[in-house]
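Participant: 3D, please:
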Amino acid sequence: MRSIVIAGAAGRMGKRLIDLVNAQEEAQVVGALEYSEHPFLGRDAGEVAGIGLLDVPLVGSFVGLSSCKADVMIDFTAPQATLANLEWAQTESVAMVIGTTGMSESEREQISLAAKKIPVVFAPNMSVGVNVLFKIAAEVAAILGEDFDVEILEAHHRLKKDAPSGTAVRLGEIVAETLGRDYPQDAVFARQGFTGERTQREIGMQTLRAGDIVGEHTVMFGGMGERLELIHRAHSRDNFAAGAVRAALWLEGRAPGLYDMQDVLGFRTK
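Facilitator: Model prediction:
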C-alpha cells in the first residue's frame, strides 16, 4: 500500500488527485497540504474533495505531516511551493511526483540535485496521451527533417499563469533536439509587423488563453503543398491526475534519480 501526500490538496487538481488516489486499492491518501492561510485548513481532505470523510485533515505546514509516514508526495502547485516541498521530501526520504510548470532553469537544477537523494518523477504533463505525442513528435520531426516548418500552438484556460505551457515548451525542445536546433535560440514567441520571411530554423510557439479550456496542443509540420498536424485535446483534468497517480505507484522501489513519464510508460529507449 503506497501512502501518498497531496500538495495543493484544496485546489482543482489536488481534489481530483485525492479522489483518484482514494479509488486505488494499492494507495491511500495519508496527508493533505495547503498554504498556511488557506480557509479550509483543519477540514477533512476527503470532505473538501467531495468524496466523504478520509480522516485526513488539511494542514498548512510540514509539522502537520509529521505523523503521516508518507512514501510519495504528488505536487501540482507553484515553483516556490514545490521547491519548499522538495526540501521536506529530501529530509523525510519521501519520493516526489512533480507536475508543476513554469519552472526556471535554476529551479529545474534544484530538482535535479534533489533527485540525487530521492526518486523524482518530474514531467511537464502527466497525461498518457501527451506523452505519446512527445514520442510521435520526435519521430515525425526526424522523418520530415528540414523540409517542413514547425509551429506549436497551445490553448489553456484564462487562469493559467505561465505561457507557453510546460507541455508546449517540451514539444519545442523535443523538435529542436531531433532537428539539431537550439530551442532557446530558435523558438519564436511572437510575430508582429514587418518580420521578414520565416527562417528555416524557427520553431513557432503560439499561445491562446480563453475561458475554461483544459489544455490543447498542436504540432504543425508545414511543407510545400501539404501539412501534417499532431493534436492532443484534454477534456478534463482527470487524465493529468491519473498519470500522476500512475507515476506515484511506479516509483515504488526506485533508486534515487530524475525520471519522467517516458520512464513511467516504458517509452525510454536509452
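Participant: so how far is Gly193 from Phe221?
Facilitator: Distance, Phe221 to Gly193, by CB to CB, to the nearest Å: 26 Å. C-beta: built from backbone N, CA, C; applies to glycine.
Participant: before we move on, what about Met103?
Facilitator: Met103 is 32 Å from Gly193, by CB to CB.
Participant: between the two, which one's more packed in?
Facilitator: Comparing Met103 with Gly193 by other CB atoms under 10 Å, the one with more neighbours is Met103, at 21 against 5.
Participant: secondary structure class for that one?
Facilitator: At Met103, secondary structure determined by DSSP: H, G, I helix; E, B strand; the rest coil is coil.
Participant: okay, now the closest residue in space to it that isn't next to it in sequence: neighbour count?
Facilitator: Leaving out its chain neighbours, the residue that sits closest to Met103 by CB to CB, 6 or more residues apart in numbering is Pro79, at 5.3 Å. Pro79 has 19 neighbouring residues, counting by other CB under 10 Å.
Participant: and if you look at Glu109?
Facilitator: Per other CB under 10 Å, the neighbour tally for Glu109 reads 11.
Participant: One more: Gly64?
Facilitator: Look at Gly64: counted by other CB under 10 Å, it has 17 neighbours.
Participant: Same check on Leu58?
Facilitator: Using other CB under 10 Å, Leu58 has 26 neighbouring residues.
Participant: for the helix or strand containing it, packing partners?
Facilitator: Assigned by DSSP states H and E, Leu58 belongs to strand 58-59. Applying 3 or more CB pairs under 8 Å, 6 or more residues apart in numbering; DSSP states H and E, one finds that strand 58-59 contacts strand 27-33.
Participant: if you average pLDDT over the strand it packs on, what comes out?
Facilitator: The pLDDT scores in strand 27-33 average 97.
Participant: Can you give the strand pairings for it, parallel or anti for each?
Facilitator: Using DSSP bridges, the strands paired with strand 27-33 are strand 2-7 (parallel), strand 58-59 (parallel).
Participant: distance between whichever helix or strand comes after the longest one and the chain's centre?
Facilitator: Sequence-wise, the next helix or strand beyond strand 2-7 is helix 12-22, with elements assigned using DSSP H and E. The chain centroid and the centroid of helix 12-22 are separated by 15 Å under CA atoms, centre = their mean, to the nearest Å.
Participant: and the closest residue to Ala9 other than its chain neighbours, how many neighbours?
Facilitator: In this structure, Ala9 finds its nearest non-sequential neighbour in Ala32, 3.6 Å apart by CB to CB, 6+ apart. By other CB under 10 Å, the residues close to Ala32 number 32.
Participant: Run a quick check on Ala32 versus Val59, I expect a contact.
Facilitator: Yes - taking contacts as CB atoms under 8 Å, Ala32 lies within contact range of Val59: 6.8 Å.
Participant: In this structure Glu229 contacts His217, no?
Facilitator: No - judged on CB under 8 Å, Glu229 makes no contact with His217 at a distance of 10.7 Å.
Participant: the more surrounded of these two?
Facilitator: Neighbours per residue (other CB under 10 Å) separate Glu229 from His217, with His217 holding more: 27 against 11.
Participant: hey, what's the more buried one bridged with?
Facilitator: Glu154, His232.
Participant: any weak-confidence spans in the stretch 151-270 of the chain?
Facilitator: 269-270 (pLDDT under 70).
Participant: ok, which stretches of the chain are helices?
Facilitator: Ranges of helices within the chain are 12-22, 45-49, 79-92, 105-114, 128-144, 166-179, 183-186, 238-250, 261-264, based on DSSP state H.
Participant: Export those to CSV and append columns for distance to Ser67.
Facilitator: Listed next are those as CSV, based on distance: least, CB to CB, whole Å:
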stretch, distance to Ser67
helix 12-22, 19
helix 45-49, 15
helix 79-92, 11
helix 105-114, 23
helix 128-144, 34
helix 166-179, 33
helix 183-186, 44
helix 238-250, 20
helix 261-264, 29
